[in-house]
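Peer 1: A predicted structure for the sequence below; I have some questions about it.
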Number of protein chains: 2
Amino acid sequence: MSVAGLKKQFYKASQMVSEKVGGAEGTKLDEEFKDLERKVDVTNKAVIEVISKTSEYLQPNPASRAKLSMLNTMSKIRGQVKSPGYPQAEGLLGECMAKYGRELGEDTNFGGALVDVGESMKRLAEVKDSLDIDVKQNFIDPLQGLSDKDLREIQHHLKKLEGRRLDYDYKKKRQGKIPDEEVRQALEKFHESKEVAEISMYNLLETDIEQVSQLSSLVESQLQYHKQAVQILDELSDKLRDRMKEAQTRPRKEYVPKPKPVIDFGDTNEQSNGGFTPSSVPPMRNAGNALDLRPVRERHIVLCAVAARWQGVMRPPVHVLG
Amino acid sequence: MSVAGLKKQFYKASQMVSEKVGGAEGTKLDEEFKDLERKVDVTNKAVIEVISKTSEYLQPNPASRAKLSMLNTMSKIRGQVKSPGYPQAEGLLGECMAKYGRELGEDTNFGGALVDVGESMKRLAEVKDSLDIDVKQNFIDPLQGLSDKDLREIQHHLKKLEGRRLDYDYKKKRQGKIPDEEVRQALEKFHESKEVAEISMYNLLETDIEQVSQLSSLVESQLQYHKQAVQILDELSDKLRDRMKEAQTRPRKEYVPKPKPVIDFGDTNEQSNGGFTPSSVPPMRNAGNALDLRPVRERHIVLCAVAARWQGVMRPPVHVLG
């Protein structure tokens, strides 16, 4: 830093100290300027918070949002073009419904309906993805631009203005000790900075119709999303109504108890546990069950090991089996 | 446990061991029964997962969901009737918009629009609350009932059936050693249990149209929600369009730079920092700023303390001030 720069820094610091600690009052800006400043400050805060709350509205699960953001960063690093999307709750519900519906069988009422609803939920997730993309492009990105460019620029002007104000106030207090010309120059610079800051704030606030147009984009995207959802659900509702009507016209099948099997004691020599077949003709047969063909000794060893676990609770099964 | 009960437990355990370890095969149930069992199992899994995924769809933020559940439990313990609702993302966005809109002033374009959009977002949150309540009552609760009552009952029957099957298989393998009558009774009990389980499963699957009707309730609630959202957003969209039209017809106010103030050096004895007033008539006046009225000595002490911090960086301000 040059000597002049250091001197200037010292003037400003000194003035700031006498204002903050010594209670000296600095030059005040007019009410009109202060009003502009306040409105710009509110705009700034509004933009930042609206961006954050809109992201939460579009992607409400913080864990999924964080994971997605990380995956997107990784895709960018790897140079991958396609980045994963946010896992929409409708989509996850839809996947689960469609999967179980197919497992249950589309020929059943519940299975078929689950597939219908599941597929529609997946379509709902798709239109929600579109909402996400639209709102990002036409609402969040322009607001972010406003915050990163215009609002940051204004902040820069205001900071510069404050520096020049301090410099002017320091010199003004020392009128007589400091050449009049230097004080005059400081005032001029202060005024120049004030005008620049004022113009930038004025322009931002005067063109606030742009932000209204961005809000309008948000609303149009939401409107389109909800309209598409109505269309999908309207179709689905009709489908389900038809399914229910059809099911109601079908006569209900009553449970027909199967004839009880009769035991056949003629086959006791076979070591198998027997197969149980509830059809009564033939009433009972030992349907070819696999016999345990391992040598008795080997079976005995295995069962002894198992039996050890039962020790103390009941007699080990080796006494009965083996 | 009675001796008979203990004996029965032992029979079943012994049979289970010889099946699981010894590789013996137990009585097999018919394919029709197994198909019922499989379908009931899929229904059970479907119901549990659909309930969980629907809750995530309605209340997608896990942290908020957990907090709400805790608050609701606490309200119940305290006997409070009114329990808090889920913080809908639309509602939070709406609150934030309306707040900043009012701070900015409804007379400004952006401020007014923020209030409009904010209020509509809050209405969107209300219709989402209704969706939440409707789906809970007409979809989640009935499905939960199915899971807690019918499906649990079936599981109980199936467990009992498995116990009786083991008992029967154990006795059957010992035909001859165990009285025929006892084996016959075991088979009868097994068959009886099988019929009960079969009837319960058959009935559940045969009345699956009830689950279709519950799915239909879900879809109707969603449809109603999205229709209401369309209505709210349609109105809002018109409002914003009017606001933009009106703003465009208003002539744009250009920034009028204020005349630069001229410095007045006639008042150097006053210790004040002076007030800066950008209006040019009078060109400059020292607008009544508060003087630092504390004794010079006190001011000197304060500033010395502050100056100590600057020591070594630059000349302490006490040399200039005081």
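Peer 2: Now that the structure is in, tell me what you want to look at.

Peer 1: these two touch, right, residue A:72 and residue A:84?
Peer 2: Yes. Residue A:72 is within contact range of residue A:84, at 7.5 Å (criterion: C-beta atoms under 8 Å). Yep, even glycine has a C-beta here, placed from its N, CA and C like the rest.

Peer 1: What segments of chain A are helices?
Peer 2: A:3-20, A:31-58, A:62-78, A:89-104, A:109-135, A:141-145, A:152-173, A:180-206, A:209-249, A:296-310 (DSSP state H).

Peer 1: Enumerate every residue touching residue A:155.
Peer 2: When contacts are counted by C-beta atoms under 8 Å, 6 or more residues apart in numbering or on different chains, residue A:155 touches residue A:44.

Peer 1: Same question for residue A:131.
Peer 2: A:58, A:221-222, A:224-225.

Peer 1: if we go to 7 Å?
Peer 2: Counting by C-beta atoms under 7 Å, 6 or more residues apart in numbering or on different chains, residue A:131 touches A:58, A:221-222, A:225.

Peer 1: now, which of the residues you listed lie close to chain B?
Peer 2: With the criterion set as C-beta under 7 Å from any C-beta of the partner chain, the members of the contacts of residue A:131 near chain B are residue A:222.

Peer 1: Quick one: which of the contacts of residue A:131 is the most crowded by neighbours?
Peer 2: residue A:222 (26 neighbours; other C-beta atoms under 10 Å in any protein chain shown).

Peer 1: do you know how far the residue nearest the centre of chain A is from residue A:74?
Peer 2: Among the residues of chain A, the one closest to the centroid is residue A:59, at 3.0 Å (C-alpha atoms, centre = their mean). For residue A:59, the distance to residue A:74 equals 18 Å [C-beta to C-beta, to the nearest Å].

Peer 1: ok, now residue A:124?
Peer 2: 28 Å.

Peer 1: neighbour-wise, which of these two wins?
Peer 2: residue A:124 (25 against 12).

Peer 1: so what's the closest residue to that one other than its chain neighbours up against?
Peer 2: Excluding its sequence neighbours, the residue lying closest to residue A:124 (C-beta to C-beta, 6 or more residues apart in numbering or on different chains) is residue A:90, at 4.3 Å. With contacts defined as C-beta under 7 Å, 6+ apart, residue A:90 is in contact with A:121, A:124-125, A:128, B:57.

Peer 1: ok, 8 Å please
Peer 2: Residue A:90 sits next to A:121-122, A:124-125, A:128, B:57 when contact means C-beta under 8 Å, 6+ apart.

Peer 1: again, but for residue A:166
Peer 2: Here residue A:166 is in contact with A:11-12, A:15-16, A:26 (C-beta under 8 Å, 6+ apart).

Peer 1: Comparing the helices of chain A, which yields the minimum mean pLDDT?
Peer 2: Sorting the helices of chain A by mean pLDDT places helix A:296-310 lowest, at a mean of 39.

Peer 1: which of the contacts of residue A:166 come close to chain B?
Peer 2: Near chain B, judged by C-beta under 8 Å from any C-beta of the partner chain, the entries from these are residue A:26.

Peer 1: The contacts of residue A:166: which two are farthest apart?
Peer 2: In terms of C-beta to C-beta, those reach their longest pairwise distance at A:11 and A:26, which sit 12.7 Å apart.

Peer 1: Any figure for the gap between residue A:107 and residue A:247?
Peer 2: Residue A:107 is 12 Å from residue A:247, by C-beta to C-beta.

Peer 1: These two: which is more packed in?
Peer 2: residue A:247 (17 against 7).

Peer 1: residue contacts, the closest residue to that one other than its chain neighbours?
Peer 2: Closest residue to residue A:247 apart from its sequence neighbours, by C-beta to C-beta, 6+ apart: residue B:209 at 4.6 Å. For residue B:209, the contacting residues are A:109-110, A:244, A:247-248, by C-beta under 8 Å, 6+ apart.

Peer 1: now those: which count as buried?
Peer 2: Burial by neighbour count, 16 or more other C-beta atoms under 10 Å in any protein chain shown: within those this picks out A:109-110, A:244, A:247.

Peer 1: tell me the domain ranges of chain A?
Peer 2: A:27-249, A:262-314 (automatic domain parsing).

Peer 1: what's the most buried one of those domains?
Peer 2: Burial of those is given as mean neighbour count (mean count of other C-beta atoms under 10 Å in any protein chain shown); domain A:27-249 ranks first at a mean of 18.

Peer 1: May I have the distance across it, first residue to last?
Peer 2: End-to-end distance of domain A:27-249 (C-alpha to C-alpha, to the nearest Å): 87 Å.

Peer 1: list the contacts for residue A:217?
Peer 2: When contacts are counted by C-beta under 8 Å, 6+ apart, residue A:217 touches A:134-135, A:138-139.

Peer 1: And residue A:109, by the same measure?
Peer 2: By C-beta under 8 Å, 6+ apart, the contact set of residue A:109 is A:243, A:247, B:208-209, B:211-212.

Peer 1: measure it to residue B:40 for me?
Peer 2: Distance from residue A:109 to residue B:40, by C-beta to C-beta: 14 Å.

Peer 1: picking that back up, present the domains of chain A as JSON lines; the columns should include distance to residue B:31.
Peer 2: What follows is the domains of chain A, written out as JSON lines (distance: least, C-beta to C-beta, whole Å):
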{"stretch": "domain A:27-249", "distance to residue B:31": "15"}
{"stretch": "domain A:262-314", "distance to residue B:31": "10"}
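
Peer 1: need the contacts of residue A:217 in JSON lines with distance to residue B:114, can you?
Peer 2: As requested, the contacts of residue A:217 are exported to JSON lines (distance: C-beta to C-beta, whole Å):
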{"residue": "A:134", "distance to residue B:114": "20"}
{"residue": "A:135", "distance to residue B:114": "16"}
{"residue": "A:138", "distance to residue B:114": "17"}
{"residue": "A:139", "distance to residue B:114": "13"}
